[in-house]
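**Q** what follows is a predicted protein model with its sequence.
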Amino acid sequence: MFKPLKITLVEIFLLQTAVWLSLWLANEWLTKFLTVSVGAMLIAVLLISAVAESIERSGVPVSYFRVMIVSLFSALAAWIIYWFISASSI
């Protein structure tokens, strides 16, 4: 009935970065906590998934790992962009 959306990794990165930046602008302390927490969870899940995948192939598509890595980098990129924005306003 409905066709699934085809979204590229660049679009995912830009959308997540925009959401992270809006969160940074709304509440710096909470977003710093969320960035560290979500980043740590993403790294843990990615490492566990990679180890499990290396032990036994599970059929998880490669796009899963790519989206996880893009999600991690988008949070870090938003943090760096916000740091540059806030440092230049001083």
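**A** Nice, thanks for sending it over. Numbers count the residues shown, from 1 in each chain.
**Q** which residues in this structure form helices?
**A** Ranges of helices in the chain, per DSSP state H, are 9-26, 28-55, 62-88.
**Q** number of residues surrounding Trp24?
**A** 21 (other C-beta atoms under 10 Å). To be clear about C-beta, it is placed using only N, CA and C from the backbone, and glycine gets the same treatment.
**Q** against Ser86, how distant is it?
**A** Separation of Trp24 from Ser86 (C-beta to C-beta, to the nearest Å) stands at 9 Å.
**Q** same thing with Ile12?
**A** Note on Ile12: its distance to Ser86, by C-beta to C-beta, is 25 Å.
**Q** neighbour count winner among those two?
**A** For Ile12 and Ser86, the more surrounded residue by other C-beta under 10 Å is Ile12, and the numbers stand at 16 against 12.
**Q** contacting residues around the spatially most central residue of the chain?
**A** Closest to where the C-alpha atoms of the chain average out (C-alpha atoms, centre = their mean) is Ser71, at 1.8 Å. Counting by C-beta atoms under 8 Å, 6 or more residues apart in numbering, Ser71 touches 12, 16, 42.
**Q** reformat the residues you listed as JSON lines; add distance to Ile48.
**A** JSON lines is the format used below for the contacts of Ser71 (distance: C-beta to C-beta, whole Å):
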{"residue": "Ile12", "distance to Ile48": "21"}
{"residue": "Gln16", "distance to Ile48": "21"}
{"residue": "Leu42", "distance to Ile48": "11"}
